[in-house]
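Participant: Task: produce atomic coordinates for the following.
(chains A and B)
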Amino acid sequence: MMWKTAAFSGWGRLPYGTSQATRPERFGQLRAAVTGSGAGTLIARGLGRSYGDCAVNEGGRLVLTERLDRIVSFDAGTGDVVVEAGISLRSLLDIFLPRGFMVPVCPGTAYVTVGGAIANDVHGKNHEKDGAFGAHVRWFELMLASGEIVRASRDSDTALFDATVGGIGLTGFIVTACLRLARIPSNALIVRERPVPDLDALLAKLHEEASATYSVAWFDALASDGSLGRGIVETATVSPTNIQVKPRKPKSLPVTPPSLVLNSISVRAFNALYRARVPANGREKLLDYDRFLFPLDSVLGWNRMYGKRGFRQFQSIVPAAALVPLLERIGRSRAGSFLAVLKAMGPAGTGMLSFPTAGYVVALDFPNKSGIVELLSDLERITLEHGGRVYLAKDSCLSAQGFAAMYPRLPEFLDVLERVDPKRRLGSNMSRRLGIRGGTP
Amino acid sequence: MTMSRWLILGATSPIAREFARLAAAQGAEIVLAGRDLEDMERSAADIRVRSDRTVSVVEFDALDMASHEAFARRVDEEGEGTLGVFVAFGFMPSQTEIDAAPELGAHVISANFTGAVSILQWLKPVLEKRKGVVVVLGSVAGDRGRASNYIYGSAKAGLHTFLQGLRIVLDRAGVRVINIKPGFIDTSMSWGSVKDGPLMATPRALAERALKLADGKGAGESYFPWFWFFIMTIIKSVPYRIFRKLPI
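Facilitator: Next comes the predicted model:
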């Protein structure tokens, strides 16, 4: 196997030390990569869209999965597609949207692999209606640390299935997975946007629009007091008719701007403009799936906008009662970026470490500057006090104690790891930071 | 002109895989040829779902030259219409590995040069009969011998010269011979030996370029990406006394 030494980071571009990395191009090379000897622990890495350190492994080894990206089979009768784990949702959508099939759950970017989507049990704007990604996975084949390939589904080895869905890669390497694609009546959505003056109005509007397939709210993270939670509620329902779709030509951010370009003044200006787009009585438009689900995918490498120091994202699910203290603390920090999202979530799935569960999800980015770690620690405390949880796919700061309290099925998860990886060959910066299997950060 | 059928030699490389996907999307029948049958079957299934085209998998070993005659006959017998041949196999151990095992030197020449000559000589009458196009991946490494990569480079230089002659011969039969000399492509060949950076191109981009050239009217040599023309013009013109000191 060809290994190279390089520094890898998450999407937040925080600086981390180097790892050994290999990228199998043929199916047979995966086993060689997984079973070969080498320094430290091993973890799979897909397209690197997890924000923090769940696919970072300083001093250890990374197996990059993106070149194993083939479709094994497709059944147009059921919508079942079997794929290698390195295929991106982008590829799946390019192939299957024109045939009237949709990836049933998509996160905010299509540039994630199927393996990563399972390992983080990602969710989308339709969580209330359709659950998380794992709910649409029929089965997968997992290569354990020993090189043995085992098949898990809801009927066979359920424990391994539930440990792998949301299990941040610690159970093994997904080789192939079977997803059930959803049949869609058209390529378009009817999107409604309504401005809301404060948090009560925002929650009321989300509640009122509960029948919509997709719903999400953007909020102004710098607003405070009476205008706390002001923003725009966006909902979408499936359109019965097609629209003409022009292919998107994503642009790249050509340079990394200085870190100080994003400050509370520029963000305030952006937020005012962003709100002003939508007239007071709202607006309605037809959009194709791609432009509705992945607005940020029109700028490749947008994460560089936060400059060399990178950024951290905070994302948690909390009950409604925690929203005011969370948003107040965020507003007071004046550190929030313009990418701030609030959404009502549906019930939890079966993944032991899956993030999605009933409540409200709050997500926003913070440029990585002094005081941010302290802010995130406050937000962790508020989340924990209200029985909420932090999303591992986005996290770079959560404490081991906070993690154990937020994810009560951790002991079950550890039992599975003890069975499938008794020699503790798998691990990541995140698993060590969170003290999973007694690792030290 | 698009081909009715594409024979892809060395089909497990990521460049070949992307090329096969693109050629199938244009409507061509695909023949994947290489050593790793298990992996090629997975690629074949992938292309069938993506494009709903006929895809077959054939064992091919560039080094097993005794098998090339039968292989070429099978290609002739098992398909219809125009034939495109994409030569994508290659083998590039590091110079350090070659120096540690001297027998590897001749092996690199066989895998990159002699094997290609052998199969193309056997395929020549098939191409003359069926008409079509040959696209071969050469290399910028063939333009000038360097301390760090001269065995692989000399194999590619031989290949370039072979193709120059083959081009003239096949041109008389209406078959074009295209030689693309890629620079750094992000595959296992460059993994760990070339740093990521603006010079690195994706396998997909190279595959797109190769197919575009095949669909066009021209033949001949070209660099990919285009700016390697300028880099290699400079590298070829640096005087030896300076060149020998360069860390390349």
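Participant: Check chain B for its longest helix and report it.
Facilitator: helix B:150-171 (DSSP state H).
Participant: What is that helix packed up against?
Facilitator: Under the contact definition 3 or more Cβ pairs under 8 Å, 6 or more residues apart in numbering or on different chains; DSSP states H and E, helix B:150-171 sits against helix B:95-100, helix B:103-109, helix B:115-130, strand B:132-137, strand B:176-182, strand B:220-224. Using the backbone N, CA and C atoms, a C-beta is placed for each residue, glycine as well.
Participant: Tell me the first helix or strand C-terminal of the helix or strand where A:Ile382 lies.
Facilitator: Take DSSP states H and E as the rule and A:Ile382 turns out to sit in helix A:372-385. Sequence order places strand A:389-390 as the next helix or strand after helix A:372-385, per DSSP H and E.
Participant: Give the pairing partners of that next one; include direction for each.
Facilitator: Here strand A:389-390 is paired, per DSSP bridges, with strand A:311-318 (antiparallel).
Participant: neighbouring contacts of the strand it pairs with?
Facilitator: A:12-14, A:51-52, A:303, A:326, A:337, A:345, A:355-357, A:359-368, A:372-373, A:376, A:379-380, A:382-383, A:386-391, A:393-397 (Cβ atoms under 8 Å, 6 or more residues apart in numbering or on different chains).
Participant: and what of stretch B:88-100?
Facilitator: With Cβ under 8 Å, 6+ apart, stretch B:88-100 has contacts from B:8-11, B:13, B:15-16, B:19, B:34, B:62, B:104-105, B:107-108, B:111-112, B:115-116, B:137, B:139, B:147-152, B:189, B:193.
Participant: What distance separates the opening and closing residues of it?
Facilitator: Taking Cα to Cα, to the nearest Å, the first and last residues of stretch B:88-100 lie 27 Å apart.
Participant: for stretch B:175-191, same thing?
Facilitator: 35 Å.
Participant: show me the contacts for residue 210.
Facilitator: Went with chain A since none was named. A:Glu128, A:Ala344.
Participant: that's the wrong chain, I wanted chain B
Facilitator: If you count contacts by Cβ under 8 Å, 6+ apart, then B:Ala210 has B:Ile15, B:Phe19, B:Phe86, B:Val135, B:Leu137, B:Ile178, B:Ile180, B:Phe224 around it.
Participant: Helix or strand: which one has it?
Facilitator: Per DSSP H and E: helix B:203-215 holds B:Ala210.
Participant: Could you figure out how far that helix is turned away from strand B:220-224?
Facilitator: 160 degrees (axes from the mean of the first three to the mean of the last three Cα atoms, to 10 degrees).
Participant: Just the buried residues of the helix or strand bottoming out on mean pLDDT in chain B, please?
Facilitator: Least confident helix or strand, chain B: helix B:95-100 with a mean of 90, by mean pLDDT, DSSP states H and E. For helix B:95-100, a neighbour-count test (16 or more other Cβ atoms under 10 Å in any protein chain shown) marks B:Gln95, B:Ile98 as buried.
Participant: Then stretch A:210-227?
Facilitator: A:Ala212, A:Tyr214, A:Ser215, A:Val216, A:Ala217, A:Trp218, A:Phe219, A:Asp220, A:Ala221, A:Leu222, A:Ala223, A:Ser224.
Participant: same check, this time on stretch A:101-119
Facilitator: Residues of stretch A:101-119 classed as buried: A:101-119 (neighbour count, 16+ other Cβ under 10 Å).
Participant: what do you get for stretch B:33-40?
Facilitator: Neighbour-count burial for stretch B:33-40 [16+ other Cβ under 10 Å]: B:Ala33, B:Gly34, B:Arg35, B:Asp36, B:Asp39, B:Met40.
Participant: what's the burial count for the nearest residue to A:Ser50 once chain neighbours are set aside?
Facilitator: Leaving aside its sequence neighbours, A:Ser50 sits nearest to A:Ala393 (Cβ to Cβ, 6 or more residues apart in numbering or on different chains; 4.8 Å). When neighbours are counted by other Cβ atoms under 10 Å in any protein chain shown, A:Ala393 registers 27.
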